[in-house]
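[1] Quick one, fold the following:
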Amino acid sequence: MQFSEKRNLTRWIIIMASFVIVILILWNTYSFFQIFKNEERIKMELWAQSLKAFNNADPETGDIELPSQIMSNNKTIPLILTENNQIINYVNIDESISGDKVRLKDYLEKLKKQNNPIIIEYNPGKFWNLYYGDSSLLNKLKYYPIALLLIIVLFGAVVYNFYRSTKMATQNKLWAGMAKETAHQIGTPLSSLIGWLEIMKADNVDETTISEIEKDINRLQTITDRFSKIGSEPVLEPMNIIKETEASFDYLRSRFSKQVEFSFKAPKKPIMVSLNPALHSWTVENLVKNAIDAMKGKGKLSVTIVSDPNFVKILVADTGSGIPKKQFKRVFEPGFTTKKRGWGLGLSLTKRIVEEYHKGKIKVAHSEMGKGTTMQVSFRKA
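    Model prediction:
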């Protein structure tokens, strides 16, 4: 058996054992509750017999000391004595209730629901009804299982959050390590390509060819820079977000099919935002590529930048298949994808870049099935 399988088996054993322990505790609590409830019933029956004995005793010759002592020993169980549905006596009831006839009658109805009455025939054909409630100890025991379950749920939530945060921290370290290693691996052939580019320039190769190759090499350098920043705090600088967004947009537009109709709209005046240019271009690239995938490489894609006094918003709209409303938040979860091929990391990574690194916000602004989707990224102005 592999280590991971043993770990999962151990985890399930612990979970099942915890459930068994909880069930045993709840069952024992219920058993104690029933035992105490029966004992209180016996006490009330004894109290009723003492009341009857006290009522029928001869004041001069009868022994009333024992019945009196038994009745006076009840300090915790509330009770009401009635005759012909009229209250004639009560014990262990709060003054705020006993001093109000309406509240006392309401309290009597409450006692009737808690326990069956004890009928006392104090004289032939004459009866008292003794209604009693649960003592404070019994009431505490009644709510003990609920308190226990709440404690267990809270403890489970703490353990789950600790486990989840530990797992996420491990995944983040792994992701950061893989990203840095990828950057390192790309760096070696990239250095060689830069050398070959210089040789091509020396050999007077066509300037257009060199220019296009140079753009792709610069792009590879940007990608290397992106991956090297994963797991570390990026440096943010006040930059013109219109210029940075348009540069990434233009590069992508020149490398995609002519079947996609691109459009870019933005204010003419520069808008300054604290950005890391390498990571911001990654955000634009992910959103544009995701939109083109949604349209299956054919349709209209627009990037619009709008501004208000405090924030600037980038809207990326497509004419793709759309996203169901229930999936608006799920699309940003790691591993979530609707494509047959893909890791489901693009929008998750974009969310991290926007919200964790740039302190911005990203969301699905609007989507309609069969008509398209608009993604919105918001940044605070510098």
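[2] average pLDDT across stretch 304-322?
    On average, the pLDDT along stretch 304-322 is 94.
[3] To clarify, my last question referred to stretch 142-155.
    Mean predicted confidence for stretch 142-155 is 79.
[4] For it, give me every contacting residue.
    22, 25-26, 29-30, 33, 134 (Cβ atoms under 8 Å, 6 or more residues apart in numbering). Heads up, the C-betas are built off the backbone N, CA and C, glycines and all.
[5] For PyMOL, what selects the buried ones among those residues?
    Here is the PyMOL selection string for the buried members of the contacts of stretch 142-155, based on 16 or more other Cβ atoms under 10 Å:
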select buried, resi 33+134
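[6] Now flag whichever of the contacts of stretch 142-155 is closest to Glu198.
    Val22 (71.7 Å; Cβ to Cβ).
[7] who's in contact with that closest one?
    Applying Cβ under 8 Å, 6+ apart, the residues near Val22 are 148-149, 152.
[8] could I get those residues as TSV with neighbour count, distance to Ile314 and secondary structure?
    Shown next, in TSV, are the contacts of Val22 (neighbours: other Cβ atoms under 10 Å; distance: Cβ to Cβ, whole Å; DSSP: H, G, I helix; E, B strand; the rest coil):
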residue	neighbour count	distance to Ile314	secondary structure
Leu148	14	52	helix
Leu149	13	48	helix
Ile152	15	46	helix
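[9] From Thr82, how far out is Ile88?
    6 Å (Cβ to Cβ, to the nearest Å).
[10] swap in Ala294?
    Here Ala294 is placed at a distance of 75 Å from Thr82 (Cβ to Cβ).
[11] More neighbours: the two, which one.
    Between Ala294 and Thr82, counted using other Cβ atoms under 10 Å, Ala294 has the larger neighbour count: 21 against 18.
[12] Confirm for me that the more buried one is in contact with Thr373.
    Yes. With contact defined as Cβ atoms under 8 Å, Ala294 and Thr373 form a contacting pair (6.4 Å).
[13] Return every residue with contacts to both of the two.
    Residues touching both Ala294 and Thr373 (Cβ under 8 Å, 6+ apart): 318, 320, 322.
[14] Quick one: mark the members of the residues you listed that sit in strands.
    Asp318 (DSSP state E).
[15] Any of the shared contacts of Ala294 and Thr373 buried? List them.
    Buried subset of the shared contacts of Ala294 and Thr373 (neighbour count, 16+ other Cβ under 10 Å): 318, 320, 322.
[16] quick one: contacts for Asn129?
    Residues in contact with Asn129 (Cβ under 8 Å, 6+ apart) are 81-83, 117-120.
[17] whoops, Lys101 was the one
    Applying Cβ under 8 Å, 6+ apart, no residues contact Lys101.
[18] Relative to Tyr107, how far out is it?
    Taking Cβ to Cβ, one finds Lys101 at 11 Å from Tyr107.
[19] now Thr76
    The spacing between Thr76 and Tyr107, counted by Cβ to Cβ, is 16 Å.
[20] What of Ser211?
    92 Å.
[21] same thing with Ile186?
    Distance of Ile186 to Tyr107, computed by Cβ to Cβ: 80 Å.
[22] Neighbour count for these two, which is higher?
    Between Ile186 and Tyr107, Tyr107 has the larger neighbour count (other Cβ under 10 Å), namely 21 against 16.
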